[in-house]
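Trainee: give me the fold of what follows.
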Amino acid sequence: MRSSALFAVTMIDTRTEEPHRVNGSVLRKITHDPETARQEFLRHRDPQIWRIVVRSISGSGAA
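Mentor: Reported below is the predicted structural model:
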């Protein structure tokens, strides 16, 4: 089941410790499902080079 919490998922280049950028902008995905975002970011990429950082950007969503 999908969480109602929001997460920011970012790829970090372990060689430079800098976030991956596309046209100068950090490639970041805002999602309710950080595991799926992690899998998408690492698809066809070497996990020895790329590290995924997941940060919560909202509460748990409990009512």
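Trainee: would you mind measuring from residue 48 to residue 42?
Mentor: As for residue 48, its distance to residue 42 is 11 Å (criterion: C-beta to C-beta, to the nearest Å). Bear in mind the C-beta positions are built from the backbone N, C-alpha and C, glycine included.
Trainee: so which residue is dead centre in this structure?
Mentor: In the chain, the residue lying closest to the centroid (C-alpha atoms, centre = their mean) is residue 9, at 1.8 Å.
Trainee: show the pLDDT at that residue.
Mentor: Here, the pLDDT recorded for residue 9 equals 98.
Trainee: grab the nearest non-local neighbour of it.
Mentor: residue 37 (4.0 Å; C-beta to C-beta, 6 or more residues apart in numbering).
Trainee: give me the neighbour count for that neighbour.
Mentor: 21 (other C-beta atoms under 10 Å).
Trainee: where does pLDDT dip in this structure?
Mentor: Within the chain, the segments meeting pLDDT under 70 span 1-3, 59-63.
Trainee: and the helices in it?
Mentor: 34-42 (DSSP state H).
Trainee: just the strands in it please.
Mentor: For the chain, applying DSSP state E gives strands covering 7-13, 18-19, 21-22, 25-26, 28-31, 50-56.
Trainee: buried ones in the fifth one?
Mentor: In other words, strand 28-31. For strand 28-31, burial by neighbour count (16 or more other C-beta atoms under 10 Å) applies to 28, 29, 31.
Trainee: ok, the closest residue to the last one other than its chain neighbours - contacts?
Mentor: The spatially closest residue to residue 31, leaving aside those adjacent along the chain, is residue 37, at 4.7 Å (C-beta to C-beta, 6+ apart). If a contact means C-beta atoms under 8 Å, 6 or more residues apart in numbering, then residue 37 has 7, 9, 29, 31, 54 as its contacts.
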